[in-house]
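need the 3D shape of this:
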Amino acid sequence: MEEMSEALSDEKHEPEKRQADIFLAARNNDLQELKLALEQGQRLDIIIPENGHTPLHTAALWGHNDFIIAALSHPTANPWARSRRGLLPYAIAADRRDTHIMKLFFDAMYPEGRFPLP
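Here you go, the predicted structure:
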C-alpha cells in the first residue's frame, strides 16, 4: 500500500485545462477568457446557430467596449458578419444608441474612413 502511495505522489499531475467560451467572454466583457479562447483556437467569426450571432454581436448587445476593441484587433473578427435576422454588429449597437461602439465598428468596417464606391 505504501508503494502505491509513493508512486502516486511521484506522478506529476497537470491540472486539466478548461475549455474557454468565447461567447461567455463576449457576454461578460472578459478579456482573459477571450485571450484563452483565442489561444485554444476559437474564432471570432463563429456563429451561434440559434440566432446567428458572432461574439461581436453578443458584445455589441451587452455594450462591452473593451471586448470589442480587443476582438477587432484579431484577424478572425468580421464586423461585416450578419446575424440570422440580417443584422450587423453595428446595427445592434445602433439599436442601443451606443455611439462609441458604433464608431468602433464603423472604423473597422471602413479603415481610414474610406467607403467602397460602386
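
surely A94 meets H100?
No. The pair A94 / H100 is not scored as a contact, 11.8 Å apart, by CB atoms under 8 Å. C-beta here means a position set from N, CA and C on the backbone, and glycine is covered the same way.

between the two, which one's more packed in?
More crowded of A94 and H100, by other CB atoms under 10 Å: A94, with 16 against 11.

quick one, what contacts the more buried one?
By CB atoms under 8 Å, 6 or more residues apart in numbering, the residues touching A94 are M102.

just give me the neighbour total for E112.
If you count neighbours by other CB under 10 Å, E112 ends up with 5.

now it, what's its secondary structure?
helix (DSSP: H, G, I helix; E, B strand; the rest coil).

ok, now how distant is T76 from R43?
From T76 over to R43 the distance is 4 Å, taken as CB to CB, to the nearest Å.

in this structure, which spans are helices?
In the chain, the helices defined using DSSP state H lie at 2-10, 22-28, 31-39, 55-62, 65-72, 89-95, 99-109.
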